[in-house]
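Engineer: got a structure for you, letters missing:
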């Protein structure tokens, strides 16, 4: 009997464990469902349009009164009158702008607080004084601005505060950007030496052009007797039909490949010795006589000479990249903390549900039977554009971006369509994508 009782107790225990396991699984599934459905999002209090979690004290929630005031300001800035109401054509755009301005104020002040950045009332007053002196000639002009923009003095102080905090946030973030290393500077110099730090050989030449070969011969005879500048000026004026005839046929600082000279003249000019009359050279229907007056040799700026410039340039690039990464993370983080009331949900709210349609796309692109065919529609799938292999360099860290696509069907193995890398590799394509 005791054995039977023990056995029964064990069975009950297993049943309880099974029920507990089921309950835990149920709770887990409920939580997953709740997250998917947005359950657990903070509710927006009555009389408010949005709440921002972790906002500085007093800044959240955003009240309907604050929104209405911001809407009036947005409409005034865009010269939209009267102030649009829900259902009006311009309401959505002004609503998004007004709420966006309010959220900007909260997000930036919240970010500044988290970074330990603050401005004092005295600093705000001093900055406002500078701005007023720069933008307004008189105090009356400033008052007229307040009236037209529907700004209170508190609104102005907030705007000045936001501007000052934004500048200090950017300064603090960019100060954390990495300093270019010695090897990065050297790599950049080697990659850019021929294009940025080399001044090519240049030549000053004088030319006489004429379709009559005999006249060019006459000019040559005259210049062989006297090829002084004064003589060139007289001879060019008399015999040349070129646009340079008024300044003695002079072309200054001509570099090879610059496009100033055409072949065969360019090749002859850069093969000629200084101070020698050359020609007549036939160029199409024209004959040319020329003389190289001066040769300035190629000059290559050394690494030591270019080092400070390169370092500053790479440092600035690093700052821009660091700040761009910060801005992206900043927007994502504060959006996840922002929840908007029904009727006020914009793309910057965490509870915004995108349609998946590009904002710039014609609505007709998504209609089954549009009344008017759209001119162009976006691709069904957003194209990914990775860097083409071999195009990333110290001069172009992003590389040449090409859209991913499959290898064209029917292409023979080892062949490459125009613009592609031999061997069947499609620039920007996912490795292994063959289109088969």
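Structural biologist: Ah, there it is. This one's a predicted model, so the numbers in the text were calculated from it and none came from an experiment.
Engineer: which strand or helix spans residue 134?
Structural biologist: helix 121-135 (DSSP states H and E).
Engineer: now do that helix: everything it contacts.
Structural biologist: 142, 156, 157, 160, 161, 163, 164 (Cβ atoms under 8 Å, 6 or more residues apart in numbering). For the C-beta atoms, the positions are set from N, CA and C on the backbone; glycine is no exception.
Engineer: what's the answer for stretch 201-210, then?
Structural biologist: Counting by Cβ under 8 Å, 6+ apart, 216, 219, 232, 235-236, 239-242, 244-245, 248-256, 269-270, 283, 286-298 sit against stretch 201-210.
Engineer: buried set for that stretch?
Structural biologist: Neighbour counts over stretch 201-210 (16 or more other Cβ atoms under 10 Å) mark 202, 203, 204, 205, 206, 207, 208, 209, 210 as buried.
Engineer: in strands, which of these fall?
Structural biologist: Those of these mapping onto strands are 202, 203, 204, 205, 206, 207, 208, 209, 210, per DSSP state E.
Engineer: quick check: closest non-adjacent residue to the fifth one.
Structural biologist: Residue nearest to residue 206 in three dimensions, not counting chain neighbours: residue 249, with 4.1 Å by Cβ to Cβ, 6 or more residues apart in numbering.
Engineer: who's in contact with that neighbour?
Structural biologist: Residues near residue 249 by Cβ under 8 Å, 6+ apart: 206, 207, 208, 232, 236, 240, 242.
Engineer: same deal with residue 315?
Structural biologist: 177, 179, 180.
Engineer: in the stretch 301-436 of the chain, which spans are helices?
Structural biologist: Counting by DSSP state H, counting those that start in this stretch, one finds helices in the stretch 301-436 of the chain at the ranges 303-335.
Engineer: per-residue pLDDT of residue 25, please?
Structural biologist: You'll see residue 25 listed with a pLDDT of 40.
Engineer: again, but for the one 4 residues further on
Structural biologist: pLDDT, the model's per-residue confidence, is 38 for residue 29.
Engineer: what subset of the contacts of residue 315 is buried?
Structural biologist: Buried subset of those (neighbour count, 16+ other Cβ under 10 Å): 177, 180.
Engineer: okay, now the unreliable bits of this structure?
Structural biologist: 1-41, 359-360, 379-399, 401-436 (pLDDT under 70).
Engineer: what residue spans form the domains of it?
Structural biologist: When the chain is parsed with automatic domain parsing, its domains come out as 40-193+303-353, 198-300.
Engineer: what sits against the residue lying closest to residue 256 once chain neighbours are set aside?
Structural biologist: Using Cβ to Cβ, 6+ apart and skipping the chain neighbours, the partner closest in space to residue 256 is residue 270 (5.3 Å). Applying Cβ under 8 Å, 6+ apart to residue 270 gives the contacts 201, 203, 256.
Engineer: show me where this structure has its strands.
Structural biologist: Counting by DSSP E, the strands of the chain are 48-52, 62-63, 198-199, 202-210, 250-255, 277-283, 286-296, 299-300, 338-340.
Engineer: so which of those strands comes closest to residue 307?
Structural biologist: The minimum distance between residue 307 and the strands of the chain falls on strand 299-300, with 14.1 Å, by Cβ to Cβ.
Engineer: hmm, who's touching the closest one?
Structural biologist: With Cβ under 8 Å, 6+ apart as the test, strand 299-300 has contacts from 193, 197, 198, 199.
Engineer: one step back: got the buried residues for the helix holding residue 134?
Structural biologist: Using 16+ other Cβ under 10 Å as the test for burial, helix 121-135 gives 124, 127, 128, 132.
Engineer: stretch 187-202 now?
Structural biologist: Buried residues in stretch 187-202 (16+ other Cβ under 10 Å): 187, 188, 189, 192, 197, 202.
Engineer: again with stretch 271-278
Structural biologist: 272, 277, 278.
Engineer: show me the contacts for the residue nearest in space to the middle of the chain.
Structural biologist: Nearest to the mean C-alpha position of the chain, counting by Cα atoms, centre = their mean, stands residue 324 at 9.4 Å. Residues near residue 324 by Cβ under 8 Å, 6+ apart: none.
Engineer: what's the answer for residue 85, then?
Structural biologist: Neighbouring residues of residue 85 by Cβ under 8 Å, 6+ apart: residue 91.
Engineer: before we move on, back to that, ok, so of the contacts of residue 270, who is nearest residue 86?
Structural biologist: Once Cβ to Cβ is applied, the member of the contacts of residue 270 that ends up nearest residue 86 is residue 256, at 67.6 Å.
Engineer: I'd assumed residue 263 was in contact with that closest one.
Structural biologist: No: assessed by Cβ atoms under 8 Å, residue 256 is found out of contact with residue 263, at 10.9 Å.
Engineer: okay, these two: which has more neighbours?
Structural biologist: Between residue 256 and residue 263, counted using other Cβ atoms under 10 Å, residue 256 has the larger neighbour count: 14 against 8.
Engineer: for the more buried one, give me phi and psi.
Structural biologist: Here is the backbone geometry of residue 256 (degrees, to the nearest 10): phi -70, psi 130.
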